[in-house]
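*Asks:* Next comes the sequence, and after it the predicted model I'd like to discuss.
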Amino acid sequence: MSAYTISIVSIIGINVILAVSLNMISGFCGQISLGHGAFFGAGAYAAALAMVATASVPLALLAGVVAGSVLGILVGFASLRVRSDFLAVSTIGVNFLFVGFVRKQSWLGGEMGISGIPPTGFGASGNMIMILLLACATVVFSLYVSRSWMGFAFRAVGEDEQAAATLGIGAGAYKLAAFGIGTALAGLAGALYAFFTQFITVDAFDFILSVMLMAMVVIGGIGSTWGVVAAAVGLTLLPEAIRFVNDYRLLVFGGMLVLVIRLAPGGLAALVHNLFARTRKA
């Protein structure tokens, strides 16, 4: 495989983890988060610092997961007091706060970022395989959660918190669980990104990334793991196939988001489901 192919496949794997992790928060539990780039960035910076300090891949991965999860749980507490649009605005603020904070911290590299992150020792192909294996594990975990009692509780909270409470489902606890799990996976993706690039800057974790990830979830089908995976792959390849898209990412992905919400609210998952239903009737 060429270096370009390895790079694209690696980015696809990272985006799959990110999109699936956001789907757990927004798709399963109904908590709209437009600041997922901050959790991704927290994991990347924590893993980079751990890698520089220890050169240990497992410790760096753990640092990324913990950093993403801790920040996510802190934001999750906000979800206990605000809902829907107000929560979305709050998470946007978290993304901007993260970017602004990192820019001013010299120990995080400031505007210049962190360079010279030690290699994992696996080589480019080895890193790609590690990313793909963890992406597959994330998808399997998401499918398991969706079919488990936790997935049922997440959906109950997302659809109607008061009705969920009558069933003995504590909305607050499950909101925190959704944010903790989803952002831990985003932190994992951040760690893998740091391994992949060996150089990170805060611009890689801006609001545009968060919009792109939400577009993947909505276009794929909110709550559908396979739909989100398909959208993550497609929207990662789109800028490579059509170069001008990369220069207008916010416009293109924002526009696609609006079109899908208006014309196909269920996303790709609903379209495929309806197609199969019509085929069976025929």
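*Replies:* Yep, that arrived.

*Asks:* For this structure, give me the ranges with low pLDDT.
*Replies:* 83-84, 243-246, 281-282 (pLDDT under 70).

*Asks:* Which stretches in it count as helices?
*Replies:* 3-22, 36-54, 57-79, 84-103, 123-147, 149-159, 161-166, 171-197, 207-220, 225-241, 244-247, 249-263, 267-281 (DSSP state H).

*Asks:* Mind putting the ones you listed into a markdown table with distance to residue 115 and mean neighbour count?
*Replies:* The way it works is simple: take the backbone N, C-alpha and C, and place the C-beta from them, glycine included. Formatted as a markdown table, those follow (distance: least, CB to CB, whole Å; neighbours: other CB atoms under 10 Å):
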| stretch | distance to residue 115 | mean neighbour count |
| --- | --- | --- |
| helix 3-22 | 18 | 22 |
| helix 36-54 | 9 | 27 |
| helix 57-79 | 16 | 21 |
| helix 84-103 | 14 | 17 |
| helix 123-147 | 17 | 17 |
| helix 149-159 | 39 | 19 |
| helix 161-166 | 46 | 13 |
| helix 171-197 | 10 | 25 |
| helix 207-220 | 20 | 24 |
| helix 225-241 | 24 | 20 |
| helix 244-247 | 23 | 11 |
| helix 249-263 | 24 | 15 |
| helix 267-281 | 38 | 13 |
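
*Asks:* Format those helices as TSV; extra columns: distance to residue 30.
*Replies:* Shown next, in TSV, are the helices of the chain (distance: least, CB to CB, whole Å):
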stretch	distance to residue 30
helix 3-22	12
helix 36-54	15
helix 57-79	10
helix 84-103	9
helix 123-147	14
helix 149-159	2
helix 161-166	9
helix 171-197	9
helix 207-220	12
helix 225-241	15
helix 244-247	30
helix 249-263	15
helix 267-281	15
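
*Asks:* Thanks a lot, catch you later.
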